[in-house]
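Undergrad: Sequence and predicted structure, then a few things I'm wondering about:
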Amino acid sequence: MTTASSMSTWICPPTRQETIENLVSGVDRYNPSNVGILEDYLYHQIRSSEYDCLANLAILKLYQFNPDLYNADVVINILLKALAASPLPDYNLCMSLLDERPAPSPEDDEDADPSAVILPILTSLHGLLLECKFPVFWKRYRGEEVKGLRDNYTVEFKGFEEAIREVVVRAVKATFTRIGRERFGGYLDLQGSELDSFISNLGWKMDGGVVTVPANPDNQIESTVVHEAIKLPQLAKVIAHSAKIAA
Amino acid sequence: MAAADPNHRMSLWAAEEQMEEDPIDLNINMTANYSSAQYDDNYNDTDAGPQIDEATVLAMQHHMAFSQIPDVVKGFIVHFHQAVLDNNLAEITVAYESGWNKLTEKFYSKTEWPEAEVIAPLVNDDQIFLILYRELYYRHVYSRLQPNIDDRFHSYENSCELFNYLLNSDGPVDLQLPEQWLWDIIDEFIYQFSVFCTWRSKVKSKTDDELMMLADGTQIWSSYSVLNVLYSLIQKSKINDYIVASQQAKTPEEVEEIVGPFGSKPLYRMLGYFSIIGLLRVHVLLGDFTLALKVMDNIELNQKSPLTRVTACHVTTYYYVGFCYVMLRRYPDAIRTFVTILNFIMRMRQYHTRSYQYDQISKTADRMYALFTICNSLSPSRLDDNIANIAKERFNEQFAKISRGGEEAVPAYEDLFTYAAPKFISSIPPPYEDPTALSNLMSMPTSPPEPSSRHLQLFLSDVRSHAPEQTLRSFLKLYTSLDAGKLAGLLSIGDESNNKDEEEVVQEMMAMKMGSRSISRVVGGQDAGKGLLEGETISTTDLNFAIDENMIHIAESTVGRRYAGWFIKNTERAQRTLDDLKSAPLPPPTAKAPANPGGATRAKGAVSGRPGGQKVTWATVKS
């Protein structure tokens, strides 16, 4: 979980420009005319591998207050980014800001708001990642139902599948000391030489169909007895009182 | 002078009983002056001709209403007004915290206070006081009665007038109010905003008049206007600069230089401060948990923080911060936040039971016990066994269901969350100004789900990922190593529905592992002084494991017995007892007599009650 070990880069990624920082941290974040700047920044994140959750939440905040600005494509892309940040709570944080939208009236074209169809799919995918049901995740992701999402969104998203594999690697790294090659491949949705090169890119060793996961604080276990540590402030009252008596 | 006044005040309204039988001259004079000076002309007009214009009718109504105000209330208002004019904080506080509530109980427990227009002559038509009076008037309507749409609109307008007066004056206004009242102003402003949003979202129950007014009044209680007030108060008071400057230990002169004329005034400073807490709350109600914590960046949550000066503010802050942590899945941080404030509430309970806010505080405390129960089951901790036991007792039924795990656990979580979560609001009003869209909405068979149910579902998604944990734990605790296939077999025993294969179990184990990692502010770590969003990944479980292919290796951490807390608590108690004994008055003379040297054995008991006797004992122990 090295990527999530400290929140500082999540709160303010080093790649965030000053203009964005001012929007995210200032009152200007409420100004609807700034939504374009933030949306451009999102598409920059989609094309690169950068990620800035708080800036994306600022977009959703503007949508929340100004329903007219709502752009389903932007919302879907934000959620895809958040999905890849699992198990951080980003996906739910984004969903929290998406107020119920008035249901489309019957005469509206069904294609008018793709988020109505795609959001439930994304939410179920998010649930699968959270529950570490990776093989099912890939099966659903590759399925017919999700075709619209793949063809219109993740195709533009640089390294979406790689980002999901990062999620898998985080979970495997924390849980396993060694993992069968087939099982790992199932989690990653990779086979054959693709799988082998993925594993060697990680720098993990493979021996006779078993992958050794490098030691890290999460997969090293030890029985310990936790002894209480008494901190000075706990004793402040007692000491102060004794001092008073002595004086 | 300050000492003499309270006595005077007591005779005016604190002791109404006596008052009614023996009204003091002031009230009679006031009434007399009032009717003769201002309303005699109106009477003449009515007598003179048949045309009664609206103003006259209104004036008559006011007169009627005025004559019905009990004298003790009139006296109260006159004195309250005078206290505000004099900026006499002590008197304002007594009028605000005691007088108003006592008179409410006595005369207005089921009706409105007299309207501001009616009492205007008592306060020389002082517009500022009338705004403050209306603030109290509407607050009373919201808390005791059922506000109608006029009340809702007018309370908004009155709040705007108050904030305009404070924010748009050329310089800081010359007004002082008790901190408690300043907090209540902000608190009530947000409360009325949130109940308005909830009321507004219920389209189907509106009358035609209400629909029309809502169509015209889209700006009333809009999220933007509410945020605007809070941000303006923060900016005007330069409260963030003030906090930073204070943390850098600048001299009072330097601080004054930095924060300027507005920020130097306690009124603006505290309003600014409370507005930050207000923002925290509004952002939570709107579902923005990161922004909520981010506005708190400069505020330190500790016992010395100014927010602790008003108990209601103190409790509110911790509740909302803790709740943000729940929604950020930072359960250890949430637990720490709740434990801190629940302990505080427990300590202060002995002093505050009769305070008019105590009910509110104790309700919030109950909700925090519920949230604590949630957090402590999703991320078990031994931070404070005492709080854990109270929570367990209070939410016994839900606690039992959660501990058993399985299907029944989810509804139990649901119960607790629904009970304990804030009343979320939707920032988008129904389309009252658009008749077509509105009728579309009305014709819909089901109302759109409320914001609260949306947040509940989001929360439950995390609960589900934790669902298999309880059962897995109970088996893992029995082994130091266990084959995943064998574990799958064990799981299906006695529970046919739980028929899982080895692979499913392994995936559940991964989810369990990820669920036992959380971001947390490390106590005393480098994040201590930084924002509330900062933190590091920590392990939250005592049951650690790693999987080697199919073999699960388990290591349990046990907590050694804790003695320190017990000893510290009892040492402190002993010290308190000692102090009490020392400060106790000497025993009455009769008890003194047997204390003579050479007295009977009985005398020893009496001596031990004397401070002198105790001191000797203490000294012996020490040496």
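TA: Ah, there it is.
Undergrad: hmm, the lowest-mean-pLDDT helix or strand in chain A in reach of chain B?
TA: In chain A, no helix or strand scores lower on mean pLDDT, DSSP states H and E than strand A:225-226, which sits at a mean of 76. Yes - applying C-beta under 8 Å from any C-beta of the partner chain, one finds strand A:225-226 touching chain B at A:225-226. Bear in mind the C-beta positions are built from the backbone N, C-alpha and C, glycine included.
Undergrad: Just give me how far stretch B:440-451 sits from the chain centre.
TA: Distance of stretch B:440-451 from its chain centroid, counting by C-alpha atoms, centre = their mean, to the nearest Å, is 32 Å.
Undergrad: So which bits of it are buried?
TA: When neighbours are counted by 16 or more other C-beta atoms under 10 Å in any protein chain shown, the buried residues of stretch B:440-451 are found to be B:440-441, B:448, B:450-451.
Undergrad: Which of the residues you listed sits closest to residue B:110?
TA: Among those, residue B:450 lies closest to residue B:110 (C-beta to C-beta), at 30.3 Å.
Undergrad: related to what we said a few turns ago, okay, the buried residues of stretch B:440-451 in a markdown table with secondary structure and pLDDT next?
TA: As requested, the buried residues of stretch B:440-451 are exported to a markdown table (DSSP: H, G, I helix; E, B strand; the rest coil; pLDDT from 0 to 100):
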| residue | secondary structure | pLDDT |
| --- | --- | --- |
| B:440 | helix | 81 |
| B:441 | helix | 79 |
| B:448 | coil | 70 |
| B:450 | coil | 83 |
| B:451 | helix | 86 |
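Undergrad: Please identify which of those is nearest to chain A.
TA: residue B:448 (4.5 Å; C-beta to the nearest C-beta).
Undergrad: hang on, residue B:297 packs against residue B:532?
TA: Yes - judged on C-beta atoms under 8 Å, residue B:297 makes contact with residue B:532 at a distance of 7.4 Å.
Undergrad: quick one: buried residues of stretch B:347-363?
TA: Quick answer for stretch B:347-363 (16+ other C-beta under 10 Å): B:348, B:358, B:360-361.
Undergrad: Next step: the residues you listed restricted to helices.
TA: Here DSSP state H is the test, and these give B:348, B:358, B:360-361 as lying in helices.
Undergrad: returning to what we had before: and the buried residues of stretch B:440-451 near chain A, which?
TA: Counting by C-beta under 8 Å from any C-beta, B:440-441, B:448, B:451 from the buried residues of stretch B:440-451 sit close to chain A.
Undergrad: low-confidence ranges in chain A?
TA: Chain A contains residues with pLDDT under 70 at A:1-5, A:100-112.
Undergrad: correction: chain B
TA: In chain B, residues with pLDDT under 70: B:1-52, B:352-356, B:447, B:494-499, B:523-529, B:590-623.
Undergrad: Tell me which residue is most central in it.
TA: Note on chain B: the residue nearest the mean C-alpha position is residue B:316, at 3.1 Å, using C-alpha atoms, centre = their mean.
Undergrad: Can you give the distance from the host helix or strand of that residue to the centre of its chain?
TA: In the assignment (DSSP states H and E), residue B:316 maps to helix B:311-327. Distance of helix B:311-327 from the chain centroid (C-alpha atoms, centre = their mean) equals 8 Å.
Undergrad: now stretch B:508-520
TA: Computed by C-alpha atoms, centre = their mean, the separation of stretch B:508-520 from the middle of its chain amounts to 32 Å.
Undergrad: Could I have the CA atoms of it written out in CSV?
TA: Taking C-alpha atoms only, stretch B:508-520 is exported to CSV below (Å, rounded to 0.1, in the frame of the first residue of the first chain):
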residue,chain,number,x,y,z
GLU,B,508,-12.8,-12.7,1.2
MET,B,509,-9.5,-12.9,3.1
MET,B,510,-8.0,-10.2,0.8
ALA,B,511,-11.0,-8.0,1.4
MET,B,512,-10.6,-8.6,5.1
LYS,B,513,-6.9,-7.6,4.9
MET,B,514,-7.7,-4.4,3.0
GLY,B,515,-10.5,-3.7,5.5
SER,B,516,-8.0,-3.9,8.3
ARG,B,517,-5.9,-1.1,6.9
SER,B,518,-6.9,2.4,7.4
ILE,B,519,-5.7,5.9,7.0
SER,B,520,-5.3,7.5,10.4
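Undergrad: what about the residue in the stretch 51-200 of chain B that chain A sits nearest to, neighbour count?
TA: Here the stretch 51-200 of chain B gets closest to chain A at one residue, residue B:197, 11.1 Å apart by C-beta to the nearest C-beta. Residue B:197 sits with 23 neighbouring residues when counted by other C-beta atoms under 10 Å in any protein chain shown.
Undergrad: List the residues that contact it.
TA: Contacts for residue B:197 (C-beta atoms under 8 Å, 6 or more residues apart in numbering or on different chains) come out as B:221, B:425-427, B:429.
Undergrad: how would you label it: helix, strand or coil?
TA: Reducing the assignment at residue B:197 to three states with DSSP: H, G, I helix; E, B strand; the rest coil gives helix.
Undergrad: Which of the three states applies to residue B:297?
TA: With three-state DSSP as the criterion, residue B:297 reads coil.
Undergrad: Could I get the phi/psi values of it?
TA: When read as degrees, to the nearest 10, the backbone of residue B:297 gives phi -40, psi -40.
Undergrad: Ignoring the adjacent residues along the chain, who's closest to it?
TA: Sequence neighbours aside, residue B:531 is the residue nearest to residue B:297 in space, at 4.2 Å (criterion: C-beta to C-beta, 6 or more residues apart in numbering or on different chains).
Undergrad: what about the one you found, distance to residue B:201?
TA: Residue B:531 sits 33 Å away from residue B:201, going by C-beta to C-beta, to the nearest Å.
Undergrad: And the contacts of stretch B:469-483?
TA: Under the criterion C-beta under 8 Å, 6+ apart, residues B:402-406, B:409, B:487, B:490-491, B:498, B:505, B:508-509, B:512, B:515, B:543, B:545, B:550-556 lie in contact with stretch B:469-483.
Undergrad: what's the span of it, first residue to last?
TA: 17 Å (C-alpha to C-alpha, to the nearest Å).
Undergrad: Can you classify the residue most central in space within chain A by secondary structure?
TA: What sits nearest the mean C-alpha location of chain A, by C-alpha atoms, centre = their mean, is residue A:85, with 1.5 Å. Three-state assignment for residue A:85 (three-state DSSP): coil.
Undergrad: wait, isn't it in contact with residue A:51?
TA: Yes - at 6.6 Å, residue A:85 counts as touching residue A:51 under the criterion of C-beta under 8 Å.
Undergrad: Nice, that's everything, thank you.
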